[in-house]
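*Asks:* Below: sequence and its predicted model.
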Amino acid sequence: MAQAAVSTSDRLPSPPASPLAARRGASPLSLLKLAVQRREATVIIVTIGAVIYFSLRASSFYSVANVIVMVQYIAPIMVIGAGEVLMLVLAEIDLSAGQVYLTSPWFTYWFWSAGVPLGLAIAIALVLSSAIGLINGLFTVRLGVPSLIVTLGTLYAFFGLVLVKSNYTQEQTPGTTGNFGKIFGIGSWSTILWGLLLTAVIWVLLKRTRFGLHTTASGGNPLAAAEAGIPVARVKVWCFIIIAFAAGFMGILDAIRIGSMNPGNSGLDIVLSPIVAAVIGGTALTGGRATVLGTVIGAIFLGILEDGLNIIGVQASWFYFFEGVIILIAMAANVQLGQLAAKLRR
Amino acid sequence: MSTTALPSTPPVGPAATEVILRAENIHKRFGAVVALRGVDLELHRGEVLGLVGDNGAGKSTLVKILCGFLRPDAGRIFVEGREVSFHSVKDARAHGIETVYQDLALVPQLTVYENLFLNREITWLGRLGFLARRHMRALARQYLEDIKVNVPDLEAEVEMLSGGQRQAIAVARATRLNAKILLLDEPLAAMGAKESALIMELVRDLSARGVSMIVIDHNYAHLFALCDRLNVIQQGKVTVDTKVADTSVEELTELMVSAFRRQLQAGQEALGEISVDGS
Ligand SMILES: Nc1ncnc2c1ncn2[C@@H]1O[C@H](COP(=O)(O)OP(=O)(O)OP(=O)(O)O)[C@@H](O)[C@H]1O
Ligand SMILES: [Mg+2]
């Protein structure tokens, strides 16, 4: 029915029916359209499936203690994932953000152990984290090195730096005591609340501000953005700085929460999971299209998967296997649904 | 100097005499490609100046220099008699110069109204501010209605629009804020007859309101209908400068062909010299 209506109006000289007009209709087909056109559709379905599955398999899944474990896992992935949305919308990527997350507590520690007051040491660490973003940005826009390679470089450089400077030894995180510690990481809900705040800031920035619109334009059609007078290079550099700052901040919180810092702790988890969250959430790698909400759900999904497998007693490393499978399934679904959506538009 | 000035009647009325935009000896090269080799051009106040020339002649490059997007390697630009130096599109805009680029400069993933206001957003709290979307939508709707441009939906992504509709948005963006000088690089390229007529009417309307324009088009019928004066660009130079009233499609074609022959000859002579040198 609706299909027929759309195709006739296409043939008429009058303007074709808009997707919004189609949304207003309540036919089953337009509901399908709505589902297909929302980029978050896949990840929402997969996440609901995972919740149902794990809550049937393990009664402890819904316990407060377990939810706290989950959200603490989710928080940094969500924030860095939101930062990756800024990158992906620019058709860039930041592989180093996870390493910035791991490095910034070390920055803090080095300055603090050299006698700098803790608050100042943290501030310096955040500035240095942002500086890594600045380096990433400048190499990308000024020297024309693809960001994939630039950030691979900074990832390795700082991984090595931390290993050497720490003498391969684990250290206690400073600042784990008192109200300070509670607010900045130790309180059960501390990291997720900070995480939600930072993610919300990034979401507002991207969707509600002029800067966000310029970011989307710079990724969607860089030449058009430049021709409209948008300083594309500057916009990009700022986004590199924002993700690095956010990663550095979450890194400090998590180091305080955990209480210790491990120099070799550069698992796949924090380096790649945020990117996974962003792409299974429905953000395209080609630029111009992004969903922070999808990324948040993507991060929640990863948290549920990791935790759920854990509590039903599956060997921990199966997590990576399933994460891989889900990447393949979700991406295939995103691409196929995207093509279907494009077809329905016509 | 190599400009073939046709016998032209003295300019009519005082308005026609005032030069609002002047380019002097503009040079531009892209690596080994010389796009412009000494362009001289004058645009009079209230005039519609047509630019014709083969593909790759340098028309778009000239427009991009005049609108501040590209910087010339050499040459000077004057707006209303005063020399200017554009470091960005913004500088040119500050002088009232607006552009419709040949590639339209639209972002397919953004909506109609977002494109219409791209880098001209209305915000709360200034530069980094929050987008006043409702305000922009209302203004966009009003303006598109005023100029009778028909787009299905302001919220539609530009990606979903037809080529002609996109072109209309690009034109609307350039004309929305009272520009003094409009540079239109093939504004009718993807348009059907009806939409072309609409845009041509808009151009005439703006011209009647005193906006000065440079229009690039490959279609002589459009140019003869729209323009007061025509400049032919060939291989990075203005070779013909004529009033539309003083010429005809046939004559212009003839002029372009003969200019082409001259250049071909010059080229052969140059080649001859090289072979003489080489032997
Ligand atoms: N950014 C660029 N980099 C390299 N070469 C360029 C660039 N822009 C233009 N050129 C070259 O400069 C010359 C002039 O191009 P331009 O786009 O100005 O031609 P045009 O007259 O607008 O042609 P058309 O009618 O096809 O639009 C061409 O040889 C083109 O290949
Ligand atoms: Mg051109």
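*Replies:* Looks like it came in fine. Ligands and ions are numbered 1, 2, ... in the order given.

*Asks:* give me the residue from the stretch 101-250 of chain A nearest ligand 1.
*Replies:* residue A:223 (9.5 Å; C-beta to the nearest ligand atom). Using the backbone N, CA and C atoms, a C-beta is placed for each residue, glycine as well.

*Asks:* what's the burial count for whichever residue of the stretch 1-150 of chain B sits closest to ligand 2?
*Replies:* Of all residues in the stretch 1-150 of chain B, the one sitting closest to ligand 2 is residue B:60 (3.0 Å; C-beta to the ion). By other C-beta atoms under 10 Å in any protein chain shown, 20 other residues sit near residue B:60.

*Asks:* close to ligand 1, is the helix or strand that contains it?
*Replies:* When elements are assigned from DSSP states H and E, residue B:60 belongs to helix B:59-66. Yes. Judged by C-beta under 6 Å from any ligand atom, helix B:59-66 and ligand 1 are in contact via B:59-61.

*Asks:* Enumerate the residues of the stretch 151-279 of chain B near chain A.
*Replies:* With C-beta under 8 Å from any C-beta of the partner chain as the criterion, the stretch 151-279 of chain B meets chain A at residues B:151-153, B:155-156, B:160, B:165, B:194.

*Asks:* Could you rerun that using 7 Å?
*Replies:* B:151-153, B:155-156, B:160 (C-beta under 7 Å from any C-beta of the partner chain).

*Asks:* Surely residue B:80 touches residue B:22?
*Replies:* No. Here residue B:80 does not reach residue B:22: they are 9.3 Å apart, not a contact under C-beta atoms under 7 Å.

*Asks:* any idea how far residue A:120 is from residue A:209?
*Replies:* 30 Å (C-beta to C-beta, to the nearest Å).

*Asks:* could you pull out the strands for the chain?
*Replies:* All of this refers to chain A. Taking DSSP state E to define them, one finds strands in chain A at A:171-172, A:260-261.

*Asks:* let's do chain B instead
*Replies:* Under DSSP E, chain B gives strands at B:4-5, B:19-30, B:33-44, B:48-52, B:74-79, B:82-84, B:97-100, B:123-124, B:130-131, B:181-185, B:212-216, B:229-234, B:237-243.

*Asks:* Which strands and helices lie in contact with the fifth one?
*Replies:* This means strand B:74-79. strand B:19-30, strand B:82-84 (3 or more C-beta pairs under 7 Å, 6 or more residues apart in numbering or on different chains; DSSP states H and E).

*Asks:* could you give the angle of it to helix B:59-66?
*Replies:* Orientation check (axes from the mean of the first three to the mean of the last three C-alpha atoms, to 10 degrees): strand B:74-79 against helix B:59-66 gives 70 degrees.

*Asks:* Name the residues that touch stretch B:171-188?
*Replies:* Residues outside stretch B:171-188 that contact it (C-beta atoms under 7 Å, 6 or more residues apart in numbering or on different chains): B:20-21, B:43, B:60, B:63, B:66-67, B:96-102, B:115-116, B:143-144, B:147, B:149, B:167, B:196, B:199, B:202, B:206, B:211-217, B:222.

*Asks:* of those residues, buried ones?
*Replies:* Buried members of the contacts of stretch B:171-188, counted by 16 or more other C-beta atoms under 10 Å in any protein chain shown: B:20-21, B:43, B:60, B:63, B:66-67, B:96-102, B:115-116, B:143-144, B:147, B:149, B:167, B:196, B:199, B:202, B:206, B:211-217, B:222.

*Asks:* measure residue A:115 to ligand 2 for me?
*Replies:* 64 Å (C-beta to the ion, to the nearest Å).

*Asks:* what's around that residue, how many residues?
*Replies:* So residue A:115, with other C-beta under 10 Å, has 7 neighbours.

*Asks:* check contacts around it.
*Replies:* With C-beta under 7 Å, 6+ apart, residue A:115 has no contacts at all.

*Asks:* Quick check, pLDDT for it.
*Replies:* Per-residue confidence at residue A:115 stands at 95 (pLDDT).

*Asks:* And residue A:273, by the same measure?
*Replies:* The model reports residue A:273 with a pLDDT of 93.

*Asks:* Pretty sure it sits against residue A:79.
*Replies:* No. The pair residue A:273 and residue A:79 does not pass the contact test of C-beta under 7 Å, sitting 11.5 Å apart.

*Asks:* More neighbours: which of those two?
*Replies:* More neighbours surround residue A:79 than the other of residue A:273 and residue A:79, with 33 against 26 (other C-beta under 10 Å).

*Asks:* Domain parsing of chain B, as residue ranges.
*Replies:* B:19-247, B:248-279 (automatic domain parsing).

*Asks:* Going by mean pLDDT, which of the ones you listed comes out lowest?
*Replies:* Out of the domains of chain B, domain B:248-279 stands lowest, with a mean of 70 (criterion: mean pLDDT).

*Asks:* re earlier: pick out whichever of residue A:120 and residue A:209 has more residues nearby.
*Replies:* Each of residue A:120 and residue A:209 had its neighbours counted (other C-beta under 10 Å), and the higher figure belongs to residue A:209 (20 against 12).

*Asks:* nearest residue to the more buried one other than its sequence neighbours?
*Replies:* residue B:130 (5.6 Å; C-beta to C-beta, 6 or more residues apart in numbering or on different chains).
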